[in-house]
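S.K.: one predicted model, sequence on top.
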Amino acid sequence: MPTPATATERTRIRRHPERAVPGDAPDILAQGMVAHVGFCHDGQPMVMPLAYHFDPATPDRLYLHGAHASRALRHLATGAPVCVTVTLVDGLVYSRTALYHSMNYRSAVCFGRARRVAGEAEKRAILERMTQRYFAGRTAGRDYDAPPSAHLRGTALVKVQIEAWSAKARRGGPTGPRDADPAAPGSRGVVALRETHGAVP
């Protein structure tokens with residue numbers, strides 16, 4: 001399975017390049033809940049939050065889900081360029097110096113083009129996997145009714161072919177000029193918002 005490119009000019013991280021973690025992109029996309037989807041329509045930049053599906057076993061694609069009336073999905077289905085961003089906020093970082101307040105986060109930015117998924121069998125399979133990603137353990141026929149054909153026809157699904165991606169992460173505590181001094185006035189630390197593996201204390 002092809003992997004999206006990472007070493008391109010549009011994926012180059014210019015601010016804090018030492019935070020680049022391109023190998024983490026699949027994990028970030030697999031954990032995320034909301035994709036912020038950027039595109040340009042009639043000269044107007046747009047960013048829309050959408051539900052999505054991503055499977056690390058097929059890292060060259062992701063799927064965006066919504067209503068047929070969605071302007072974003074209708075536009076993307078034409079093959080227009082798209083940028084998809086997913087961010088995980090792991091913690092709030094507080095410092096003894098206001099300038100050094102920050103966040104611990106992981107983010108992935110994907111560039112590509114989309115097409116509409118029209119076939120019922122393909123759409124059904126993807127939406128079932130998407131349901132399992134958001135609601136792990138729920139089973140069609142036991143916990144909910146599987147969608148009939150009419151519901152599938154009423155749902156828009158587009159496949160984004162990912163051409164390139166980048167990923168970036170901040171980990172660790174505050175880095176203000178007085179944060180390493182335990183005798184300095186004020187307080188410093190991290191408010192953890194989610195469990196992470198390999199985080200720097």
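M.R.: That came through fine.
S.K.: all contacts plus neighbour counts: C-alpha atoms, from now on.
M.R.: Noted.
S.K.: what packs against the longest helix anywhere in the chain?
M.R.: Taking DSSP state H as the criterion, the chain has its longest helix at helix 120-134. Here helix 120-134 touches strand 44-53, helix 149-153, going by 3 or more C-alpha pairs under 8 Å, 6 or more residues apart in numbering; DSSP states H and E.
S.K.: in the longest one, which residues are buried?
M.R.: The neighbour-count criterion (16 or more other C-alpha atoms under 10 Å) identifies 47, 49-53 as the buried residues of strand 44-53.
S.K.: then stretch 115-122?
M.R.: 115-117.
S.K.: strands of this protein, start to end?
M.R.: Using DSSP state E, the strands of the chain run over residues 35-41, 44-53, 61-67, 81-94, 102-116, 155-170, 189-192.
S.K.: need these in TSV with mean pLDDT and distance to Arg138, can you?
M.R.: Shown next, in TSV, are the strands of the chain (pLDDT from 0 to 100; distance: least, C-alpha to C-alpha, whole Å):
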stretch	mean pLDDT	distance to Arg138
strand 35-41	95	23
strand 44-53	94	16
strand 61-67	93	19
strand 81-94	97	24
strand 102-116	97	27
strand 155-170	96	20
strand 189-192	96	29
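S.K.: so which of the ones you listed gets nearest Thr11?
M.R.: strand 155-170 (5.2 Å; C-alpha to C-alpha).
S.K.: strand 44-53 and that closest one, what's the angle between them?
M.R.: 100 degrees (axes from the mean of the first three to the mean of the last three C-alpha atoms, to 10 degrees).
S.K.: how far off centre is strand 155-170?
M.R.: 7 Å (C-alpha atoms, centre = their mean, to the nearest Å).
S.K.: what helices or strands is it leaning on?
M.R.: By 3+ C-alpha pairs under 8 Å, 6+ apart, strand 155-170 packs against helix 25-31, strand 61-67, helix 71-76, strand 102-116.
S.K.: let's go with 10 Å and repeat that
M.R.: The contact analysis (3 or more C-alpha pairs under 10 Å, 6 or more residues apart in numbering; DSSP states H and E) places strand 155-170 against helix 25-31, strand 44-53, strand 61-67, helix 71-76, strand 81-94, strand 102-116, helix 120-134.
S.K.: distance check, the residue nearest to Tyr94 when sequence neighbours are not counted against Gly173.
M.R.: Nearest in space to Tyr94, with sequence neighbours left out and distances taken as C-alpha to C-alpha, 6 or more residues apart in numbering, is His101 at 4.8 Å. With distances taken as C-alpha to C-alpha, to the nearest Å, His101 is found 10 Å from Gly173.
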